[in-house]
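In: got a predicted model here, sequence first, then my questions.
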Amino acid sequence: MELKKNPKLELKKNSTLYFLIGLTAILLFAYVAIEWKTYYSTFDDDFARLSPDEELIEVAPITFQTPPPPPPKIQAPPVIEIVPDDEEVIETVIESDEIDQNTEIMDVEDVEFVAPPIEDEVIFIKVENPPIFPGCENEKTKEGKRSCFQEMMQKHIRKNFRYPEIAQEMGLQGRVSIMFTIQKDGSIDNVRMRGPHETLEKEAARIISKLPKMTPGKQRGTPVKVPFSIPITFKLQ
């Protein structure tokens, strides 16, 4: 015998609807519980209060001002001393230093002439009596002695010139400027040179070292040192 149930009393008929209603109720309850705020009871004295009727008074800052400088002191006028008329004032006469017809003139014989000191060294073109190269003694004028000196120097260089072999191998050439001083006794000293290479400078110094002793130059009859410079050119053929 089958048992018959009333379909209206079937519990599984609306189970999905009941599940959604229950889920919605639970979520709503959880949201209210999370958002629920509670406050602790406090006293009003714990908070600062500002009375709107209280007047605000601004305190001016402290400033420092520099006082103005004191006014300049007014100096009293100098005291003018009045000299009585009975006192005699002696006037001083200032003599004139200008030359006039009454001025005495010294005789020329009484004037002492002091010659300027003789320089210890005078250059070749300014010395009164230039140095004399051996063989130029017969020249009478200064210009002739200077021309003969330079001509004899050129002959001496050509006679003693020797191109260094190492300079030829290295292809060295150029001009060597050489300067020396003819001393008061006619000897050659203080030789200085400047050239493109040390080898050429040594050869130029060797040529100058073979110069003969000369007659020294004189300034107002006194022997002086006379510097002289001359270039020596080294050129490969």
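Out: Thanks, I have it.
In: which secondary structure state does the nearest residue to residue 145 once chain neighbours are set aside sit in?
Out: Of all residues not flanking residue 145 in the chain, residue 139 sits nearest, at 4.6 Å (C-beta to C-beta, 6 or more residues apart in numbering). Where you see a C-beta, it was placed from the backbone N, CA and C, and this is true even at glycine. Under DSSP: H, G, I helix; E, B strand; the rest coil, residue 139 falls in the coil class.
In: for residue 215, see how far away residue 139 is.
Out: For residue 139, the distance to residue 215 equals 11 Å [C-beta to C-beta, to the nearest Å].
In: shared neighbours, those two?
Out: residue 132 (C-beta atoms under 8 Å, 6 or more residues apart in numbering).
In: quick one: residues contacting the residue nearest to the spatial centre of the chain.
Out: Residue closest to the mean C-alpha point of the chain, counted by C-alpha atoms, centre = their mean, is residue 194 at 29.9 Å. Counting by C-beta under 8 Å, 6+ apart, residue 194 makes contact with 176-178, 201.
In: try it again with 6 Å
Out: When contacts are counted by C-beta atoms under 6 Å, 6 or more residues apart in numbering, residue 194 touches residue 177.
In: specify the beta-bridge partners of it.
Out: Judged by DSSP bridges, the bridge partners of residue 194 are residue 177.
In: state the pLDDT value of it.
Out: For residue 194, the pLDDT comes out at 91.
In: repeat that for residue 4.
Out: pLDDT, read off for residue 4, is 59.
In: what do you get for residue 78?
Out: In this model, residue 78 carries a pLDDT of 75.
In: kindly report the same for residue 185.
Out: Reading off the model, residue 185 has pLDDT 91.
In: do the same with residue 125
Out: Note on residue 125: pLDDT of 86.
In: one more: the one 5 residues further on?
Out: In this prediction, residue 130 carries a pLDDT score of 90.
In: do the one 3 residues further on as well
Out: In this model, residue 133 is scored at 92, pLDDT.
In: so what's it closest to, chain neighbours aside?
Out: Per C-beta to C-beta, 6+ apart, closest to residue 133 is residue 152, 4.1 Å.
In: quick check, pLDDT for that neighbour.
Out: In this model, residue 152 carries a pLDDT of 92.
In: returning to what we had before: quickly note the distance from the residue nearest to the centre of the chain to residue 204.
Out: 10 Å.
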